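> Take a look and give me a structure for this.
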Amino acid sequence: MNLLLLAIAPVFAILLYIYVQDKHEKEPRGLLISSFLLGAVVSILIVFVLYFFTGRFIPITDEFSVWQQFIQAFVVVALSEEFSKYVIVKYFAQPKKAFNEPYDGIIYAVMVSMGFACTENLMYVIDGGYQTALVRAFTAVPAHATFGVLMGYYMGKAKFSNNRLVLNLIGLLLATIFHGAYDFFLFINFIPGISIGAFISLIIGILLSRKAIKKHQDDSHFKSS
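Alright, predicted model coming up:
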């Protein structure tokens, strides 16, 4: 039980932080919970389907090939996972009337991302134990949150723009790039010291996420003048 709590604690700590940052007009809790559950269940199913097809058409045969690990990180893993989250935000959350200010893109994208991260984290932690739980609490889980913020920033802008398609796709692309970079540096750990690149990309993602949150807070339609 303690191990399971340790696996989900960082997820809900991040969710609480993102929820509190929604300063001007809170989202319906039912819609937030639904987004989280869809991320936890549906996105995992989508990823398994995408992994199956990409694995068949893009076989990764050499774990020590930098190029193959690049494809593995950016296409097989990052694009598959971020696309699964993108689909839920775009077709479930974004059309809702409650999605009525730019920050809502961030909160719904993070809800979906944390649903995905929760399911993923439980699988890794049950297999790897307490050490895995502690490491992932400060790496993989916040990384998924930053991917969600970066995607959601542009999807929030898209809702109120005439360039909705372009901005939505920019959000997907940016999340995929940061996710791919994070994974790529971990996948090529056969190069001594290269893993530090994952932590650098995570730090950059966190800094950009903080700026994105502040920008959408300032751009809220509900902000009192």
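> got the contact list for Ala13?
Applying C-beta atoms under 8 Å, 6 or more residues apart in numbering to Ala13 gives no contacts. In short, each C-beta sits where N, CA and C put it, glycine included.
> measure it to Lys211 for me?
According to C-beta to C-beta, to the nearest Å, Ala13 and Lys211 sit 21 Å apart.
> and what of Gly205?
Separation of Gly205 from Lys211 (C-beta to C-beta): 11 Å.
> Those two: who's more crowded?
A side-by-side neighbour count of Gly205 and Lys211, using other C-beta atoms under 10 Å, places Gly205 first with 24 against 12.
> My guess is the more buried one contacts Leu150. True?
Yes - Gly205 is in contact with Leu150 according to C-beta atoms under 8 Å; the separation is 6.7 Å.
> shared neighbours of the two, which are they?
Phe178.
> right, and the helix or strand after the worst-scoring helix or strand of the chain on mean pLDDT?
The weakest-scoring helix or strand in the chain, judged by mean pLDDT, DSSP states H and E, is helix 29-57 (a mean of 83). Per DSSP states H and E, the first helix or strand lying C-terminal to helix 29-57 is helix 66-71.
> okay, the angle between the following helix or strand past that next one and helix 29-57?
The C-terminal neighbour of helix 66-71 among helices and strands, as given by DSSP H and E, is helix 80-88. Angle of helix 80-88 versus helix 29-57, following axes from the mean of the first three to the mean of the last three C-alpha atoms, to 10 degrees, is 140 degrees.
> And helix 80-88, what's buried?
Within helix 80-88, the residues scored as buried using 16 or more other C-beta atoms under 10 Å are Ser80, Glu81, Glu82, Phe83, Ser84, Lys85, Tyr86, Val87, Ile88.
> what does that helix rub up against?
Contacts of helix 80-88 (C-beta under 8 Å, 6+ apart): 35, 38-39, 42-44, 46-47, 50-51, 54, 109, 112-113, 116, 147-148, 151, 155, 168, 171-172, 175-176, 179.
> Mind giving me the PyMOL command for buried ones among those?
A single PyMOL command suffices to select whichever of the contacts of helix 80-88 are buried according to 16+ other C-beta under 10 Å:
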select buried, resi 35+38+39+42+43+44+46+47+50+54+109+112+113+116+147+148+151+155+168+171+172+175+176+179
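> And the strands in this protein?
Using DSSP state E, no strands are assigned anywhere in the chain.
> just for it, where's the confidence low?
Within the chain, the segments meeting pLDDT under 70 span 1, 51, 54-56, 224-225.
> which stretches of it form helices?
For the chain, the helices defined by DSSP state H cover 2-20, 29-57, 66-71, 80-88, 103-128, 130-137, 140-159, 164-187, 196-218.
> For Gln94, which of these is the nearest?
Gln94 sits nearest to helix 140-159 of all these, at 5.8 Å, using C-beta to C-beta.
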